[in-house]
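Colleague: mind folding the following:
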Amino acid sequence: MAEDSPEISTIRRNSLWAAYTPVIMLVVLIVLAFVLYGEDATGGPVQVALLFIAILSGWIGIRHGHKPKDIFQGAIDSVTTAIGAIFILLAIGALIGTWNMSGTIATLTDYGIRFINPTFFYVAVVGVTALIALSIGSSWTVVGTLGAALVGIGIALGLSAEITAGAVISGAYFGDKLSPLSETTNLTPAVSGTDLYTHIKLMTKRTIPSITVATVIFFFIGLRAQPEGGFDLTQATDAIEEAFKIGIIMLLPLLVVVLLAIKKVQPSVTILLGALTAGIIAVIFQTDVVLAFVNEPDLPEALALFKGVWSAMATGFVADTGFAGLDDLLSGGGMESMLNTVWLILSALAFGGVMAVTGQLGRIIEPLRERAKSDSGILVATGVTAIGINLVAADQYLAIVLTGTSFREEYEKRGLAPEMLSTTIEGTATVSSPLIPWNSCGAYMSASLGVATFAYLPYAFFNLIDIAFTFLFAILKINIKHVTPDEELPPAPEQVRLYGIDKDIAPIEEVGQIKKRRK
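Modeller: Got it, this is the predicted structure:
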């Protein structure tokens with residue numbers, strides 16, 4: 001250790017200006033990207049901006065004594081934590097392709113058109129997604145499977161895809177947040193020093209009012225909705241039933257995904273098995289659809305069917321029902337369709353990793369923690385930090401771990417109950433992540449639902465209201481709990497000094513292990 005001391009002493013502390021410069025420059029470039037490219041900004045321009053600002057952040061780090069190889073390794077370590085998420089994204093792409101080919105999406109759309117009243121559609125979406133997410137503890141699985149189908153049904157009914165996506169995310173994140181099976185709901189109390197059920201119990205005091213208000217809003221939007229631009233429903237159902245075989249058996253892939261998720265099978269494996277099940281269903285029940293898709297008459301039928309499923313998983317499926325709007329709805333998917341999102345996640349995490357390893361991220365957090373003088377102040381500072389790390393480091397797991405371990409000691413000093421820390425983090429880090437286009441969660445939700453993040457953001461009412469209630473409860477000092485002298489806090493997890501934050505922070509490898517099991 002003594003041999004390392006001279007090297008460590010050459011690293012100088014970042015000034016606030018040095019720490020904020022990359023963030024300010026990134027905001028400027030991202031705003032400019034959306035001005036110039038609109039919704040296409042995340043198709044490349046934002047990724048380029050993130051990589052160049054990562055270089056700027058690295059240069060600042062070198063100027064403060066960090067070695068280039070350490071900075072580069074920090075970026076690699078950060079990107080490595082997303083491997084689990086990337087496999088899930090690719091699996092979702094394969095699943096959407098085979099679900100379109102197998103008639104799973106077509107069956108859900110047909111049943112949705114026939115049995116769901118458009119007036120209550122948004123409320124039904126919130127309820128269904130919330131119930132399933134609560135059961136399986138996975139917002140990602142719900143959004144990537146059932147959520148994508150519900151958006152398609154909404155479009156068929158002439159309802160807003162953006163509002164439907166907001167309803168899907170609202171229900172999925174509510175259920176995920178309160179589920180004892182959810183990894184974020186287990187991770188947050190663990191890094192904060194409380195237990196799971198104490199955390200959930202306190203969280204319900206904000207989460208239940210948040211989803212209630214959100215559901216009421218969706219109800220009134222549904223009452224006032226005037227479906228337009230949708231399909232002629234009779235023609236649509238006739239076209240679906242002419243092009244695909246429709247029946248309960250076509251929903252078997254959805255059942256497989258839900259059952260495997262409940263069994264806590266690794267998420268990417270669960271989704272790929274759901275995709276494979278749909279491929280088998282397509283070969284058995286939608287033979288003509290698969291052969292027409294491949295369109296190679298000279299190829300033996302068995303090989304043509306095999307190639308059809310393979311192609312749907314790799315590059316997506318193209319429907320040909322003779323009904324233009326329906327063809328758009330029932331086409332798409334394939335692992336290829338997720339590559340742009342993967343690019344976005346890798347670029348964002350590389351930037352976040354450089355900011356962290358050079359100490360710039362820690363320097364930004366430091367004043368927030370030190371200037372909070374009251375209980376309300378420390379709660380607000382916690383929430384701002386969690387959202388800020390989501391914006392900069394582009395990942396909710398990093399936001400949870402870094403915020404929890406940075407503020408834990410401060411909460412203990414002030415006598416604030418550790419569940420105050422955990423619920424504040426959940427009310428900001430977890431629910432804000434799908435609202436940021438370059439965050440791994442925001443990129444995933446947009447890719448899975450086919451709706452731009454900024455387009456559904458105004459309608460993710462639960463997420464927005466839960467964030468607002470988190471800060472409002474803190475400012476008004478509602479439900480603030482303190483630790484009594486005879487209470488014994490759980491021991492802190494083993495920690496190490498990392499990333500220039502003047503606190504003991506859980507190593508990024510721990511976050512990586514969690515994310516490899518990501519929803």
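Colleague: gap between the spatially most central residue of the chain and residue 155?
Modeller: With distances taken as C-alpha atoms, centre = their mean, residue 441 lies nearest the centre of the chain, 2.3 Å away. From residue 441 across to residue 155, the span is 23 Å (C-beta to C-beta, to the nearest Å). In this view, the C-beta of every residue, glycine as well, is placed from N, C-alpha and C.
Colleague: picking up where we left off before, ok, and the closest non-adjacent residue to the residue nearest to the centre of the chain?
Modeller: Counting by C-beta to C-beta, 6 or more residues apart in numbering, residue 433 is the residue found nearest to residue 441 once chain neighbours are left out, at 3.7 Å.
Colleague: what's the local residue count around the one you found?
Modeller: Using other C-beta atoms under 10 Å, residue 433 has 28 neighbouring residues.
Colleague: residue 221 and residue 163 touch, don't they?
Modeller: Yes. Between residue 221 and residue 163 there is a contact under C-beta atoms under 8 Å: 6.4 Å.
Colleague: and for these two, which residues touch both?
Modeller: residue 122 (C-beta atoms under 8 Å, 6 or more residues apart in numbering).
Colleague: other SSEs contacting the longest helix along the chain?
Modeller: Criterion DSSP state H: the longest helix present in the chain is helix 196-224. The contact analysis (3 or more C-beta pairs under 8 Å, 6 or more residues apart in numbering; DSSP states H and E) places helix 196-224 against helix 121-136, helix 161-178, helix 183-192, helix 418-425, helix 461-475.
Colleague: from residue 380, how far off is residue 475?
Modeller: Residue 475 sits 7 Å away from residue 380, going by C-beta to C-beta.
Colleague: ok, these two, which is more surrounded?
Modeller: Taking neighbours as other C-beta under 10 Å, residue 475 and residue 380 compare with residue 380 leading, 19 against 12.
Colleague: so for the particular helix or strand that has the more buried one in it, what gets flagged as buried?
Modeller: Residue 380 is part of helix 375-393, with elements assigned from DSSP states H and E. Across helix 375-393, burial judged by 16 or more other C-beta atoms under 10 Å covers 375-376, 378-393.
Colleague: that older thread, and the contacts of the one helix or strand the residue nearest to the centre of the chain maps to?
Modeller: Assigning secondary structure by DSSP H and E places residue 441 in helix 440-449. Applying C-beta under 8 Å, 6+ apart, the contact partners of helix 440-449 are 42, 82, 85, 88-89, 92, 96, 140, 143-144, 147-148, 151, 161, 165, 168-169, 337-338, 340-341, 344-345, 348-349, 394-396, 433-437, 452-453, 456.
Colleague: residue contacts, residue 289?
Modeller: Residues in contact with residue 289 (C-beta under 8 Å, 6+ apart) are 101, 103, 243-244, 282.
Colleague: if you could redo that for residue 186, that was the one I meant.
Modeller: By C-beta under 8 Å, 6+ apart, the residues touching residue 186 are 180, 196.
Colleague: alpha carbons only: can I get stretch 188-195 in CSV?
Modeller: C-alpha atoms of stretch 188-195 as CSV (Å, rounded to 0.1, in the frame of the first residue of the first chain):
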residue,chain,number,x,y,z
THR,A,188,-32.6,-0.2,-2.2
PRO,A,189,-33.3,-1.2,1.4
ALA,A,190,-30.1,-3.3,1.4
VAL,A,191,-27.9,-0.3,0.5
SER,A,192,-29.9,1.9,2.9
GLY,A,193,-29.7,-0.3,6.0
THR,A,194,-33.3,-1.4,6.4
ASP,A,195,-35.3,-4.5,5.7
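Colleague: just how off-centre is it within its chain?
Modeller: Counting by C-alpha atoms, centre = their mean, to the nearest Å, stretch 188-195 is centred 21 Å from the centre of its parent chain.
Colleague: could you do stretch 397-406 as well?
Modeller: 16 Å.
Colleague: what is the mean pLDDT for that stretch?
Modeller: Stretch 397-406 comes out with an average pLDDT of 81.
Colleague: next: stretch 465-485.
Modeller: In the prediction, stretch 465-485 has an average pLDDT of 89.
Colleague: please identify the buried residues of that stretch?
Modeller: 465-467, 469-471, 473-474, 483.
Colleague: same check on stretch 51-70?
Modeller: Across stretch 51-70, burial judged by 16+ other C-beta under 10 Å covers 51-54, 57-58, 60-61, 64, 66.
Colleague: give me the distance between residue 185 and residue 204.
Modeller: Distance, residue 185 to residue 204, using C-beta to C-beta: 12 Å.
Colleague: mutual contacts of those two, please.
Modeller: Residues within reach of residue 185 and of residue 204 at once, by C-beta under 8 Å, 6+ apart, are residue 178.
Colleague: the two: which is more packed in?
Modeller: Higher neighbour count among residue 185 and residue 204: residue 185, with 21 against 13, using other C-beta under 10 Å.
Colleague: wait, isn't that one in contact with residue 174?
Modeller: No. Counting by C-beta under 8 Å, residue 185 does not reach residue 174; the two are 11.6 Å apart.
Colleague: more neighbours, residue 221 and residue 163?
Modeller: Shown here are residue 221 and residue 163; by other C-beta under 10 Å, residue 163 has more neighbours (25 against 20).
Colleague: show me the contacts for that one.
Modeller: By C-beta under 8 Å, 6+ apart, residue 163 lies in contact with 122, 154, 218, 221, 456, 459.
Colleague: try it again with 6 Å
Modeller: Shown in contact with residue 163 (C-beta atoms under 6 Å, 6 or more residues apart in numbering): residue 459.
Colleague: equivalent analysis for residue 279, please.
Modeller: Applying C-beta under 6 Å, 6+ apart to residue 279 gives the contacts 98, 309.
Colleague: just the element for it, please.
Modeller: Using DSSP H and E, the element containing residue 279 is helix 267-285.
Colleague: next SSE downstream of that helix?
Modeller: Going down the chain from helix 267-285, the next helix or strand is helix 287-294, by DSSP H and E.
Colleague: and that following helix with helix 267-285, angle?
Modeller: In terms of direction (axes from the mean of the first three to the mean of the last three C-alpha atoms, to 10 degrees), helix 287-294 departs from helix 267-285 by 110 degrees.
Colleague: and the helix or strand just after helix 287-294, what does it pack against?
Modeller: Note on helix 287-294: by DSSP H and E, the next helix or strand toward the C-terminus is helix 301-315. Identification of packing neighbours for helix 301-315 by 3 or more C-beta pairs under 6 Å, 6 or more residues apart in numbering; DSSP states H and E yields helix 83-102, helix 287-294.
Colleague: the same query, at a cut-off of 10 Å, please.
Modeller: Applying 3 or more C-beta pairs under 10 Å, 6 or more residues apart in numbering; DSSP states H and E, we find helix 301-315 packed against helix 83-102, helix 267-285, helix 287-294.
Colleague: just give me how far the following helix or strand past the first one sits from the chain centre.
Modeller: Using DSSP H and E, the helix or strand that directly follows helix 83-102 along the chain is helix 104-115. Relative to its chain's centre, helix 104-115 lies at 26 Å (C-alpha atoms, centre = their mean).
Colleague: over to stretch 32-39?
Modeller: On C-alpha atoms, centre = their mean, the centre of stretch 32-39 falls 22 Å from that of its chain.
Colleague: give the buried residues for it.
Modeller: 33-34.
Colleague: neighbouring contacts of that stretch?
Modeller: Stretch 32-39 has contacts (C-beta atoms under 10 Å, 6 or more residues apart in numbering) with 40-49, 437, 446, 451-455.
Colleague: any idea of the mean pLDDT in it?
Modeller: Stretch 32-39 comes out at a mean pLDDT of 85.
Colleague: against residue 70, how distant is residue 13?
Modeller: 16 Å.
Colleague: so residue 380 makes contact with residue 427?
Modeller: No. Applying C-beta atoms under 10 Å as the test, residue 380 and residue 427 come out as separate, 11.6 Å apart.
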